[in-house]
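Student: structure of the sequence below:
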Amino acid sequence: MKVQEIVEAIGISHDSVVSILNDHLGMRKLSARWVPRLLTVDHKRNRVTTSQEGLALFNRNMEEFLRSFVTVNETWIHHNIPETKQQSKQWVSKGESAPRKAKVGLSANKVIATVFWDARGIIHIDYLQKGRTINGEYYANLLDRFNDNLKKNRPHFAKKKILFHQDNARVHTCAVAMAKIYELGYELLPHPPYSPDLAPSDYFLFPNLKKWLGGKRFDSNDEVISQTKAYFEDLDKSYFLEGMKKLDKRWTKCIELKGDYVEK
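Tutor: Residues are numbered from 1 along each chain as shown. Below you'll find the model as predicted:
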């Protein structure tokens, strides 16, 4: 409820309402927090159930879970990405006003990166140029290419079933994609709708990549691809393990929050 609505409802002054809210009730004014979607009761219930299932697998044998778990997701990478507010901060003398900076938008030139990774690092990345789209047939063929790389880069999966994780994007859950996942023999870990906070790529891998890209400019798709590849290759294995281990706390927090979104 807004202050003016309270004023009109109970007939006291604006200043009196503000004083009561601040001084007597200890309330403060906050901006709304953006979330992917306003979750319904069913959404929250699904998120709790899925988190409980994932947490049970994780706690049963953490090492085995981390050896078996592979996740995939897509993100756009632009030829130039503006710096974040944090990155653009500068030291100034006492009394000096903050520097001004023109707002820079995302470039129109971009590629979409589909990244498959696990607790040991990147397994496969596919890049698709602007103007092309990922459909079910493309994704199914991509899963075949990923599976070839998986055999080369993770030979232990030759005798072990992969615990495969993806979000609920239509391209991931369409009939042709699901048939391919079944054909490859992957065990699919459920993921609740509208839940980027429970997807390792969305809460960890991609935000850190975008932060590193902030302020950089690329002249071509090839440069974007080579620089992104170099970024991932420079990361230690422990980095990827850290991101995957956060699933434990995020699932736990989601359950504690009764399905509400998990903040940072």
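Student: what's in contact with the helix or strand encompassing Gln52?
Tutor: Taking DSSP states H and E as the criterion, Gln52 maps to helix 41-60. Helix 41-60 is contacted from outside by 37, 39, 65, 163, 189-195, 198, 247-248, 250-252, 254-255, 258-260, using CB atoms under 8 Å, 6 or more residues apart in numbering. Every residue, glycine included, has its C-beta placed from N, CA and C.
Student: repeat that with 6 Å
Tutor: For helix 41-60, contacts defined as CB atoms under 6 Å, 6 or more residues apart in numbering pick out Phe65, Pro190, Pro192, Ser195, Asp248, Trp251, Cys254, Ile255, Gly259.
Student: ok, of these, which come out buried?
Tutor: Neighbour-count burial (16 or more other CB atoms under 10 Å) applied to these gives Phe65, Pro192, Ser195, Trp251, Cys254, Ile255, Gly259.
Student: can you redo those residues as TSV with pLDDT?
Tutor: Shown next, in TSV, are the buried ones among the contacts of helix 41-60 (pLDDT from 0 to 100):
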residue	pLDDT
Phe65	97
Pro192	96
Ser195	95
Trp251	98
Cys254	98
Ile255	98
Gly259	96
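Student: residues in contact with Lys161?
Tutor: Glu187.
Student: one more time with 10 Å, if that's ok
Tutor: Ser68, Gly185, Tyr186, Glu187 (CB atoms under 10 Å, 6 or more residues apart in numbering).
Student: low-scoring stretches of the stretch 101-250 of the chain, by residue?
Tutor: The stretch 101-250 of the chain contains residues with pLDDT under 70 at 101-108.
Student: one step back: mind checking which of the contacts of Lys161 are buried?
Tutor: By 16+ other CB under 10 Å, those give Ser68, Tyr186 as buried.
Student: quick one: which of the contacts of Lys161 sit in strands?
Tutor: Glu187 (DSSP state E).
Student: now the contacts of Lys161 in JSON lines, with distance to Glu74?
Tutor: Below are those laid out as JSON lines (distance: CB to CB, whole Å):
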{"residue": "Ser68", "distance to Glu74": "22"}
{"residue": "Gly185", "distance to Glu74": "23"}
{"residue": "Tyr186", "distance to Glu74": "18"}
{"residue": "Glu187", "distance to Glu74": "22"}
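Student: what's the farthest-apart pair in the contacts of Lys161?
Tutor: Farthest pair in the contacts of Lys161 (CB to CB) is Ser68 and Gly185. Separation: 12.5 Å.
Student: so what's the gap between the helix holding Gln52 and the chain middle?
Tutor: 18 Å (CA atoms, centre = their mean, to the nearest Å).
Student: how about stretch 52-71?
Tutor: Using CA atoms, centre = their mean, the mean C-alpha position of stretch 52-71 is found 19 Å from that of the whole chain.
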